[in-house]
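# Pasting the sequence and the predicted coordinates here, then a few questions.
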Amino acid sequence: MTVTVSVIIPTYNRAVFLNQAIESVLNQTYKDFELIIVDDGSTDDTKKIVGNFEDPRIEYIYQQNQKLPSARNTGAKSASGKYLAFLDDDDLFSSEKLKIQTDLLELDNSIGLIAGGWQLIDIDENLIQEYIPSIEDDIDLSNVLNKGLAPIHAIMLSRDWFETVNGFDISLKACEDLDLWYRLCLAGCKMKKHLNVICKNRLHKKQMTLDIASHYCELHKVYEKIFANPGLPLDILNRKQELFGRLKVIEAGRWYAVDHFQEAQSCLNNAILINPAFKNNGYDDLFLILIDIQKTIYCKNEPKFINKVLTHLSSEVILDEDQTKSILAKSAKASFFHAYKMKNYYQILTYWVNAIMVDPLFILNRGGWSILFRSLKSILY
């Protein structure tokens, strides 16, 4: 059977979520697809769950446990579609996902990968946060290394390009998607963002991305692999200290978020050792990274996150009173503006008052007043 899109779901002992993932694919408004489910050695009711669906578009493949990258590759090898769409067994596609992304790829054959927006949900499908690309634009290696790309289920890509770079690296235990994106960039694959929200990413305790130590160990391996590539552009190569230092600051932020202060302090010290520029510019860049982390789900956009960081700084970071006040002001204002962006209108007033308390001049900010009134209007009407 030849189809336009091959959807691949790798799964391992997640029968409790798999049914919903499969249904989200079968309920697509776009119908020209096949669904390949790769069971990576499950010992639960996975096979039974798949067998409950009597749909000729479903192919079930069982293999001994070889981990996620291998399972995805197995699915891709069985695919007949022009395009590949990957879905993890605990996540969901919106009903228009395949139509929107297939139409965009068919509209411009020069594009090899398209990335959209997504929602972060809890195990009961309650919305936690929504991520929408800020602009429809091309994606390059610098973008990928600076801000990442998107969860894999927010992406659709050409099977030809996937095969050109030999798929996922099965030696990686995590972050294999970032590794794939960078290799596609270097190979010349044109990538583009679009503004539609087309999937839901479920956050729960058993996800590997919540295991900070193992996640950043694998992420560091990917970065080492990137910078060992002889084909890396010189402008990226010259940013090695900056990017590795930034990675350590982000890891520190994740440790701060869970109150593991010793690990966080160690990461900050390493970040400054890797990139002394953090110290040379008065730690402005370092705290801008941490304030960005404050906006994420791990810190819940709470200004108290930065208070926690300032209370438990590493020995390498020494701030005077003015620097501390400036950091607190930036943190408070960032929470205020981010709450509006995320449409958390009920938090706006609290964050606005907090911003004024740490920076009284913020009361003169016309943009702040505009956001406050629009948020109140949204609540009342």
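Noted; the coordinates are in hand.

# Please count neighbours and contacts with C-alpha atoms only from this point.
Noted.

# neighbours around the closest residue to S80 other than its chain neighbours, how many?
Using CA to CA, 6 or more residues apart in numbering and skipping residues adjacent in sequence, the residue nearest S80 is T2, 5.4 Å away. Other residues within reach of T2, judged by other CA atoms under 10 Å, total 12.

# Kindly indicate whether T2 is helix, strand or coil.
coil (DSSP: H, G, I helix; E, B strand; the rest coil).

# what's the distance between it and L104?
20 Å (CA to CA, to the nearest Å).

# now Q28
Q28 is 16 Å from L104, by CA to CA.

# hey, where'd the helices end up in the stretch 151-300 of the chain?
159-164, 176-187, 212-227, 234-237, 240-257, 261-274, 277-280, 284-294 (DSSP state H, counting those that start in this stretch).

# Pick the most deeply packed of the ones you listed.
Sort the helices of the stretch 151-300 of the chain by mean neighbour count, taking mean count of other CA atoms under 10 Å, and helix 240-257 sits at the top with a mean of 22.

# Packing partners of that one?
helix 212-227, helix 261-274, helix 284-294, helix 304-311 (3 or more CA pairs under 8 Å, 6 or more residues apart in numbering; DSSP states H and E).

# Relative to the top strand by length along the chain, what are the paired strands and their orientations?
For the chain, the strand with the greatest residue count under DSSP state E is strand 190-202. According to DSSP bridges, strand 190-202 forms sheet pairs with strand 92-93 (antiparallel), strand 111-121 (parallel), strand 138-139 (antiparallel).

# Serialize the ones you listed to CSV and add fields for distance to K200, mean neighbour count and mean pLDDT.
Shown next, in CSV, are the strands paired with strand 190-202 (distance: least, CA to CA, whole Å; neighbours: other CA atoms under 10 Å; pLDDT from 0 to 100):
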stretch, distance to K200, mean neighbour count, mean pLDDT
strand 92-93, 5, 28, 97
strand 111-121, 5, 22, 94
strand 138-139, 22, 17, 78
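
# Put together TSV for those, with distance to W255 on each row.
Converted to TSV, the strands paired with strand 190-202 look like this (distance: least, CA to CA, whole Å):
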stretch	distance to W255
strand 92-93	29
strand 111-121	21
strand 138-139	30
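
# what's the lowest-mean-pLDDT helix or strand in the chain in contact with?
One helix or strand of the chain scores below all others by mean pLDDT, DSSP states H and E: strand 138-139, with a mean of 78. Strand 138-139 has contacts (CA atoms under 8 Å, 6 or more residues apart in numbering) with 190-193.

# can we see that at 6 Å?
191-192 (CA atoms under 6 Å, 6 or more residues apart in numbering).

# Over to stretch 250-269?
248-249, 299, 314, 316.

# chain center to that stretch, what's the gap?
20 Å (CA atoms, centre = their mean, to the nearest Å).

# What of stretch 216-223?
15 Å.

# C-terminal to the lengthiest helix in the chain, what's the next element?
Criterion DSSP state H: the longest helix present in the chain is helix 321-341. Next along the chain after helix 321-341, taking DSSP states H and E as the criterion, comes helix 345-358.

# for that following helix, packing partners?
helix 321-341 (3 or more CA pairs under 6 Å, 6 or more residues apart in numbering; DSSP states H and E).

# neighbouring contacts of the helix it packs on?
Residues contacting helix 321-341 (CA under 6 Å, 6+ apart): 291, 301, 303, 351-352, 355, 358-359.

# and what of stretch 345-355?
Outside stretch 345-355, the residues touching it (CA under 6 Å, 6+ apart) are 332-333, 336, 375.

# farthest pair in those?
A332 and S375 (17.2 Å; CA to CA).

# Those two: which has the busier surroundings?
A332 (25 against 21).

# Tell me how far the more buried one lies from A150.
On the measure of CA to CA, A332 and A150 end up 27 Å apart.

# now R239
22 Å.

# pLDDT score for L68?
On pLDDT, L68 comes in at 94.

# and it, how many neighbours?
L68 - counted by other CA under 10 Å - has 21 other residues nearby.

# Leaving out the residues flanking it, which one is nearest to it?
P10 (6.8 Å).

# ok, now L172?
E218 (6.8 Å).

# and if you look at R72?
P10 (5.9 Å).

# Assign a three-state SS to the one you found, would you?
strand.

# who touches it in this structure?
P10 makes contact with 37-38, 71-72, according to CA under 6 Å, 6+ apart.
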